[in-house]
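>>> no sequence on this one, just coordinates:
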C-alpha cells in the first residue's frame, strides 16, 4: 500500500485538519467529523447537509460552501457516518427553515440519516426532509444497497438544490427540486483497477491485468460484468447505452454531461472519454447544455470513470449556473 | 497498461477533441495542437502563451481562458511541442501589445520557444518576451534540463501574469511580474509510483514496492534520493526543508501554499499532506495567505505530491485574487 498518509487509522481525522487549515471559510467539528460553513446557520435559509463514507473526495466536504452544502459528515473510509454525526450537522445548519438531508442510497447511510432525522425532530423540533439518490443504472441491488446505488447525480443535486436553498426557496421546494434532479439523472461507471482502504491495507477487490469491471460501485461493488480491457470508445458505449435507454434520454433532450474520474485516472484520459461521450450523445440527438469533467466523486485511487447525464430544463440550468463557492466547485463569486 | 484511451498514439489528438467539445469558450487549432481563447486576439492586451509536453493536465490547456493564458501548445506526452506550434499560438493571440512566452526549464522547450520567438519576429514583427520557470529545488541539472526544472510555480505564474495582462499592463510589466513570481517561488516533489507514457506502454522508471523518489521530476526524472516509503509527516519535512531554506522563506513571510497531486494520488491524501505542510509552515512563522490543494501539474497517473511555496506581497495577492475563468481554475466570474 503506497499512500501519502501517517497512521492508516488517522486518515480521516488528519484530512479534516487539512481541510480546516486550507479553507478559512469553513469550520470543522472534529469530534463529530462535520465540515460546515463558517456562516452557518443562516437564519431563514433551508440548511442542506450530506455525508457518507470518506474516500470519495471532494464529495462531500469539498462541496460545502455558499450555494451548495451547509455541512457534510465524514464517515470512516467507505463506512457510513453514525446518526450522532448527522444530528450534530443538522443542528449546526438549522436556521429555522428546516434541513434537507441528501442521502446516497446505501443501506447504512439511509438508516443512519433516518435515525438522525428522528433524533433531531425529538431534540430540537427540527423539520428534516430526506432525499435519497439512486441514479446508478448498473445493477438493481448491490453489496450494501437495496435498489440502485446513489452515485454521480449526488454531485449535481447538491449544486442545484444548494442554489435553490440559497435563493430562499422553502424546504418543500428545495426537496422537490432535489427529487427532480435524482429522477432525471442516470449514471454508470467502469473500474480499471481496484483501490485499497488504508485501514485494510490490501485491495478491496481483485481485477486481472487485462480486466475491467463494467458498472462498478464507488466502493468496488460488483457491476454488470467483468470484461477484457477495451478502448475508450467501446467503454463509453458500454456505459452510455444503459444510461440513455434507462430514463430514456432522446433526441431534443438537453443534459448536463458529467464525466467523472474515480481518483487514479488522469485528466487527459477523462478528456479522451469526454470526446467519446460527446460523439455518442450527438448521434442520439442529445445536446450538452453544460459539461463537467473531473474527479468529483471518487473511490480513493481507483482508476476508471463514471458518466452521469442529467436531463435539464431552464429551471435546473439556471440553478446550476448560480454562483457557488466551495473548495471543489466554484464560479460566479 | 490500463488506460482509458483508444490508440496510444492518438491520446493527445483525442483529448484535444474532448477539450474542444467540453469548453465552448475555447477553440482548438487541431493541426497545430493549440488550445486558445475564443476571443483571441484581444486588441491591446498582452497575449500569454505556454505549452509543453502533454501528460501534465490540467497544465497548460486547462489554464486557457479569461485572466490566465491566451493559448497553450500541447506536445506529445512528455515531449516538447515544436516551434511551429508555438509560432501558431503566438500569431493567434497577438493583439498588437506583444506576447509573453511562459516556458518551463526543459532544454527542448527552451530551445523551441526561442526558435518560435525568432520566427514570429521575422514573420509578423511580433514582440515576444520569454520567461523561464526553474523553481524545482531538488537538483541543479536533470535528465532533460540544464539548471533547475520548472514545475509547480508555473501554475501560479500563469494565473498571476494572466491577471496582470488582463488588467492592461504592458509586455515589460507583465514579464516583470512573471519573473518576480519565478524568483519568489520554490517547489519540490515526491513520487510514490512511476507512470506509463501511452505510446511506450511500460513504466517510465522502476520504483520498488516500498520505495519512493524524493525530488522527482514531472517526467519521472531522478530526484535527490530513493528512500523507503515514509509517513506523510516525514515526507512533508523532506520536501519542505529544502524549499524553505532555499529562498529562504522565514518568519513573517506570507505565501501561497500549493499542495499538488501528481495525478494518481487521491484528494484525501493531499489534505493529509496539506495538514503536515501547514504545521511546518506555522512552526517557521510562515503564514499561508492563500492555499491551493489539488492536482494541477501532473505526471499522468503517477502517485505522489509536490509542494510549491510562493512568497507574496499585496501586488501578487491582488493579482492572484483577480477573476479567472478557465477549465481548471475559476473564481470571481
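On my side now, so go ahead. Every value quoted in this text rests on a predicted model; they were computed, and no experiment measured them.
>>> tell me where the stretch 51-200 of chain A has helices.
A:83-93, A:107-124, A:153-166, A:171-184 (DSSP state H, counting those that start in this stretch).
>>> among those helices, which is nearest chain B?
Closest to chain B of these is helix A:153-166 (CB to the nearest CB; 13.5 Å). The C-beta positions use only the backbone N, C-alpha and C, and glycine is treated the same way.
>>> near chain B at all, the closest one?
No - using CB under 8 Å from any CB of the partner chain, helix A:153-166 never reaches chain B; the gap is at least 13.5 Å.
>>> now that helix: average pLDDT?
Mean pLDDT, computed over helix A:153-166, is 98.
>>> residues of the stretch 1-150 of chain A that sit close to chain B?
Applying CB under 8 Å from any CB, we find that the stretch 1-150 of chain A lies next to chain B at A:2-7, A:11-12, A:14-19, A:21-23, A:54-55, A:57-58, A:62, A:77.
>>> over to the stretch 151-300 of chain A?
Residues of the stretch 151-300 of chain A lying near chain B by CB under 8 Å from any CB: A:192-193, A:209, A:212, A:229, A:231-233, A:235, A:263-275, A:278, A:288, A:291, A:293, A:295, A:298, A:300.
>>> just the buried ones from those residues?
Buried members of these, counted by 16 or more other CB atoms under 10 Å in any protein chain shown: A:192-193, A:212, A:229, A:231-233, A:235, A:263-275, A:278, A:288, A:291, A:293, A:295, A:298, A:300.
>>> those residues in strands, which ones?
Mapping these onto strands (DSSP state E) picks out A:212, A:288, A:291, A:293.
>>> between those residues, which is nearest chain B?
Nearest to chain B out of those is residue A:291 (CB to the nearest CB; 4.2 Å).
>>> check contacts around the closest one.
Residue A:291 is in contact with A:256, A:257, A:258, A:259, A:274, B:21, B:22, B:23, counting by CB atoms under 8 Å, 6 or more residues apart in numbering or on different chains.
>>> please apply the same query to residue A:214.
A:138, A:190, A:223, A:224, A:225, A:226, A:227, A:235, A:238, A:239.
>>> and these, which are buried?
Using 16+ other CB under 10 Å as the burial test, the contacts of residue A:214 include A:138, A:190, A:223, A:224, A:226, A:227, A:235, A:238, A:239 as buried.
>>> just list whatever residues bridge to residue A:213.
Beta-bridge partners for residue A:213, by DSSP bridges, are residue A:191, residue A:226.
>>> and for it, the neighbour number?
Per other CB atoms under 10 Å in any protein chain shown, the neighbour tally for residue A:213 reads 25.
>>> so it touches residue A:207, yeah?
Yes - the criterion here is CB atoms under 8 Å, and residue A:213 meets it with residue A:207 at 6.2 Å.
>>> now residue A:46: how far from residue A:120?
14 Å (CB to CB, to the nearest Å).
>>> now for residue A:58, how many residues are close by?
Residues lying near residue A:58 (other CB under 10 Å) number 26.
>>> quick one, what contacts residue A:289?
Per CB under 8 Å, 6+ apart, neighbours of residue A:289: A:254, A:255, A:256, A:312, A:317.
>>> the residues you listed in helices, which ones?
Among those, DSSP state H puts residue A:317 in helices.
>>> higher neighbour count, residue A:46 and residue A:120?
Taking neighbours as other CB under 10 Å, residue A:46 and residue A:120 compare with residue A:46 leading, 29 against 23.
>>> could you pull up phi and psi at the more buried one?
For residue A:46, the backbone dihedrals (degrees, to the nearest 10) come out as phi -60, psi 130.
>>> residue contacts, the nearest residue to it once chain neighbours are set aside?
Sequence neighbours aside, residue A:165 is the residue nearest to residue A:46 in space, at 4.2 Å (criterion: CB to CB, 6 or more residues apart in numbering or on different chains). Under the criterion of CB under 8 Å, 6+ apart, the neighbours of residue A:165 are A:45, A:46, A:47, A:48, A:100, A:174.
>>> how far away is residue A:74 from residue A:218?
Distance check for residue A:74 against residue A:218: by CB to CB, it reads 15 Å.
>>> quick one, which of the two is more surrounded?
residue A:218 (32 against 28).
>>> that one contacts residue A:188, doesn't it?
No - between residue A:218 and residue A:188 there is no contact under CB under 8 Å: 11.6 Å.
>>> shared neighbours, these two?
Joint contacts of residue A:218 and residue A:188 (CB under 8 Å, 6+ apart) are residue A:306.
>>> can you pull the contacts of residue A:102?
For residue A:102, the contact set (CB under 8 Å, 6+ apart) comprises A:48, A:49, A:50, A:69, A:130, A:131, A:133, A:154, A:157, A:158, A:161, A:178.
>>> tell me which residue in the stretch 1-150 of chain A sits closest to chain B.
Residue of the stretch 1-150 of chain A nearest chain B, by CB to the nearest CB: residue A:18 (3.4 Å).
>>> right, and that residue touches residue B:269 too?
No - in this structure residue A:18 lies outside contact range of residue B:269 using CB under 8 Å: 9.5 Å.
>>> chain B: which of the contacts of residue A:289 is nearest?
residue A:256 (11.7 Å).
>>> residues touching the closest one, list them.
A:156, A:288, A:289, A:290, A:291, A:292, A:308, A:309, A:310, A:312, A:316, A:320.
>>> got a winner among those residues for most neighbours?
Neighbour max across the contacts of residue A:256 (other CB under 10 Å) = residue A:310, 32 neighbours.
>>> what bridges to it?
Beta-bridge pairing for residue A:310 (DSSP bridges): residue A:185, residue A:256.
>>> isn't it up against residue A:185?
Yes - applying CB under 8 Å as the test, residue A:310 and residue A:185 come out as touching, 4.2 Å apart.
>>> shared neighbours, the two?
Shared contacts of residue A:310 and residue A:185 (CB under 8 Å, 6+ apart): A:153, A:156.
>>> tell me which residues touch the residue nearest to residue A:14 when sequence neighbours are not counted, please.
Counting by CB to CB, 6+ apart, residue B:272 is the residue found nearest to residue A:14 once chain neighbours are left out, at 4.7 Å. Residue B:272 makes contacts with A:4, A:5, A:6, A:11, A:14, A:15, A:18, B:232, as judged by CB under 8 Å, 6+ apart.
>>> with residue A:103 instead?
Contact analysis of residue A:103 by CB under 8 Å, 6+ apart lists A:50, A:109, A:110, A:113, A:130, A:131, A:132, A:133, A:150.
>>> what's the answer for residue A:254, then?
By CB under 8 Å, 6+ apart, the contact set of residue A:254 is A:286, A:287, A:288, A:289, A:311, A:312, A:313, A:317.
>>> let's go with 10 Å and repeat that
Residue A:254 makes contact with A:286, A:287, A:288, A:289, A:290, A:310, A:311, A:312, A:313, A:314, A:316, A:317, according to CB atoms under 10 Å, 6 or more residues apart in numbering or on different chains.
>>> do residue A:137 as well
A:148-149, A:151, A:186-188, A:215, A:224, A:239, A:241-247 are the contacts of residue A:137 under CB under 10 Å, 6+ apart.
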